[in-house]
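Visitor: need coordinates for the following:
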Amino acid sequence: MANQRERSRRTRRSVFRMAAAGALFGPLFRATEGPVSAQETVNRNSAPSDLKITDVRACRVAANYDYPIVKVYTNQGVYGLGEVRDAGVEGIALILKPYLVGRNPLDIEGNLKTVRQFAGHGRMGGGYSAADMAMHDIAGKVYGVPVYRLIGAKRRDRVRIYADTTDHKDPKIYAERMRKRKEMGLTFFKMDLHTELIADRPNAVNERGVATDKGLGYLCEFIAAIRDVIGWTAPLAADHFGPLNVNDAIRYAKAFEPYQLAWAEDLLQTREGPHYPWQNWRGYKTIAEATTTPVNTGEDIFGLEDGFRPLIDNHAVDVIHPDIETSGGLVETKRIADYAEAADIQVAMHHAGSPIGGFAGYHCAATFGDHFLAMENHALDMPWWQDLVTGIPKPIIDKGYVAVPEKPGLGLELNDAVVKEHLRRPGYFEPTPMFDDPIVSGFRLGGPWPHFDETGKWCNCVTYE
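Guide: This is a model prediction of the structure:
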């Protein structure tokens, strides 16, 4: 009887442990309900632990800004899609191929650590970011969950979109263009205030290409015209002011105060020596403290530690503005956004790419807190933009929002026929043997570091991991 009672207690404990495990991990790795395609579930011919990356290929879509799209292949038929930063080149991702082939794509953070040394600011963050997206797409398909579940809890079912708009020298025509954005259902707006808008007006622009006080009055006419169309409470941001230094930026920001902009973006454009403008956090802090116009920067910054942290730690801006195709993909952008939230700094997302990078951003933004504002779409006048992908409801942007998919991975697939119609050059995910060798001279994956062997002879059969 004693042994029977002990067996009964063990059985109950086992049941409780399984129930607890289900409570802890069930919501994160619960298979998505409904039918899924072969690409949306793991190939059961082998276990996920045996999954290996076998190839990396790419193509480039010709668009307003070109879209370099990357595909990461595995030995189980499951592949992942990613995207290099708009106007970049696919080679920035393909050079990572020899450091990824042979590795398990489910070890996302380990793989990213391996290739992080090849990432940088601006377009140089695009390859690393594309690899992150593709591996998350694979992992979501393998585990049967949407990508957002791999990085955090879902905080919103849809993501607000802000609209960029082509400018015009006539404020009335510019305002009409913005009216069309409102008629499309957009609720968050952005305008460009290029110096060229007023360059032909007398005494409007100085010899440095910066608006004079008179010129600033002209620029404000554009803001006022658009405010009259979209309303004075709708969020309206502004960008592209020209080669401003700190004092110029303060003049601009203070002139904009009566129009209550959502933010003034990338005010600083002058470089100090080798530094990027956004690295001048002291200058940005000076601007932010001198005006009630919110200050925003960040679309060209890669990473938290060497990029966004000084701006956030010093409260140098009111809004940070990562682009998921430069900032480091889902893992790094999530870190950046959470760090900003802890500092009570708002987050918007820049994006001028295809739906591949777009949906990576929507999954990421779905996990952000209440400090999130909106994510850009720079293809509102491109009728075939949403047709580049399948598997998601159309229109993608509905009344100014994008629904976050619940299907495994990114939740979409390429529409091969449409993508092929818009390629920049011939070739659709062709083999890439020219990228088989590591870019670090002499380095090979799987062998020892350079060393003197036991005979004292120098051995250059190097490995890099």
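
Visitor: going forward, measure contacts and count neighbours with C-alpha atoms only.
Guide: Will do.

Visitor: would you map out the domains in this protein?
Guide: The record's domain parsing of the chain by automatic domain parsing lists 38-150+420-435, 158-410.

Visitor: need the least confident one among those, by mean pLDDT.
Guide: Out of the domains of the chain, domain 38-150+420-435 stands lowest, with a mean of 93 (criterion: mean pLDDT).

Visitor: dump the domains of the chain into CSV; add mean neighbour count as well.
Guide: Shown next, in CSV, are the domains of the chain (neighbours: other C-alpha atoms under 10 Å):
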stretch, mean neighbour count
domain 38-150+420-435, 21
domain 158-410, 20
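
Visitor: pretty sure residue 296 sits in a strand.
Guide: Yes: the assignment for residue 296 (DSSP: H, G, I helix; E, B strand; the rest coil) places it in a strand.

Visitor: which parts of the stretch 201-350 of the chain are strands?
Guide: With DSSP state E, counting those that start in this stretch as the criterion, the stretch 201-350 of the chain has strands at 236-239, 263-265, 295-297, 319-320, 346-349.

Visitor: give me the contacts around the fourth one.
Guide: Right, the one you point to is strand 319-320. Outside strand 319-320, the residues that touch it by C-alpha atoms under 8 Å, 6 or more residues apart in numbering are 263, 294, 295, 296, 297, 298, 308, 340, 345, 346, 347, 348.

Visitor: equivalent analysis for the second one, please.
Guide: Identification of contacts with strand 263-265 by C-alpha under 8 Å, 6+ apart yields 236, 237, 238, 239, 240, 253, 293, 294, 295, 296, 297, 319.

Visitor: the fifth one contacts residue 268, correct?
Guide: Read it as residue 240. No: Residue 240 lies out of contact with residue 268 (C-alpha atoms under 8 Å); the separation is 9.8 Å.

Visitor: about what we covered before: can you lay out the strands of the stretch 201-350 of the chain as TSV showing distance to residue 144?
Guide: Formatted as TSV, these follow (distance: least, C-alpha to C-alpha, whole Å):
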stretch	distance to residue 144
strand 236-239	38
strand 263-265	39
strand 295-297	36
strand 319-320	32
strand 346-349	27
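
Visitor: residue 356 in helix, strand or coil?
Guide: Here residue 356 is recorded as helix under three-state DSSP.

Visitor: so for residue 181, which of the strands of the stretch 201-350 of the chain sits nearest?
Guide: Closest approach to residue 181 among the strands of the stretch 201-350 of the chain is made by strand 236-239 (12.0 Å; C-alpha to C-alpha).

Visitor: partners of that closest one in the sheet?
Guide: If you go by DSSP bridges, strand 236-239 pairs up with strand 188-192 (parallel), strand 263-265 (parallel).

Visitor: tell me, what residue is most central in the protein?
Guide: Nearest to the mean C-alpha position of the chain, by C-alpha atoms, centre = their mean, lies residue 324 at 1.2 Å.

Visitor: which parts of the stretch 301-450 of the chain are helices?
Guide: 309-313, 324-327, 329-342, 355-365, 416-421 (DSSP state H, counting those that start in this stretch).

Visitor: elements contacting the longest one?
Guide: So the one you mean is helix 329-342. helix 126-143, helix 324-327, strand 346-349, helix 355-365 (3 or more C-alpha pairs under 8 Å, 6 or more residues apart in numbering; DSSP states H and E).

Visitor: got it, and the shortest one?
Guide: The contact analysis (3+ C-alpha pairs under 8 Å, 6+ apart) places helix 324-327 against helix 126-143, helix 329-342, helix 355-365.

Visitor: can I get those in JSON lines with distance to residue 244?
Guide: Formatted as JSON lines, the helices and strands packed on helix 324-327 follow (distance: least, C-alpha to C-alpha, whole Å):
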{"stretch": "helix 126-143", "distance to residue 244": "27"}
{"stretch": "helix 329-342", "distance to residue 244": "26"}
{"stretch": "helix 355-365", "distance to residue 244": "30"}
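
Visitor: neighbouring contacts of the helix or strand encompassing residue 173?
Guide: Residue 173 is part of helix 171-183, with elements assigned from DSSP states H and E. If you take C-alpha under 8 Å, 6+ apart as the criterion, helix 171-183 is touched by 163, 165, 166, 167, 168, 189, 221, 222, 225, 226, 229, 230.

Visitor: coming back round to it: between the helices and strands packed on helix 329-342, which one is nearest to residue 436?
Guide: Among the helices and strands packed on helix 329-342, the nearest to residue 436 by C-alpha to C-alpha is helix 126-143 (15.6 Å).

Visitor: ok, the closest residue in space to residue 52 that isn't next to it in sequence to residue 142 distance?
Guide: Once flanking residues are discounted, residue 52 sits nearest to residue 104: 4.5 Å by C-alpha to C-alpha, 6 or more residues apart in numbering. From residue 104 across to residue 142, the span is 12 Å (C-alpha to C-alpha, to the nearest Å).

Visitor: for residue 331, same thing?
Guide: Residue 331 is 18 Å from residue 142, by C-alpha to C-alpha.

Visitor: which residue ranges of the stretch 351-465 of the chain form strands?
Guide: 372-377, 389-390, 397-398, 401-403, 413-414, 443-444, 451-452, 458-459, 462-463.

Visitor: list the helices and strands the second one packs on?
Guide: Okay, so that is strand 389-390. Looks like strand 389-390 contacts strand 413-414 (3+ C-alpha pairs under 8 Å, 6+ apart).

Visitor: which other helices and strands contact the strand it packs on?
Guide: Using 3+ C-alpha pairs under 8 Å, 6+ apart, strand 413-414 sits against strand 389-390.

Visitor: the strand it packs on pairs with which strands, and in what direction?
Guide: Here, using DSSP bridges, strand 389-390 pairs with strand 413-414 (antiparallel).
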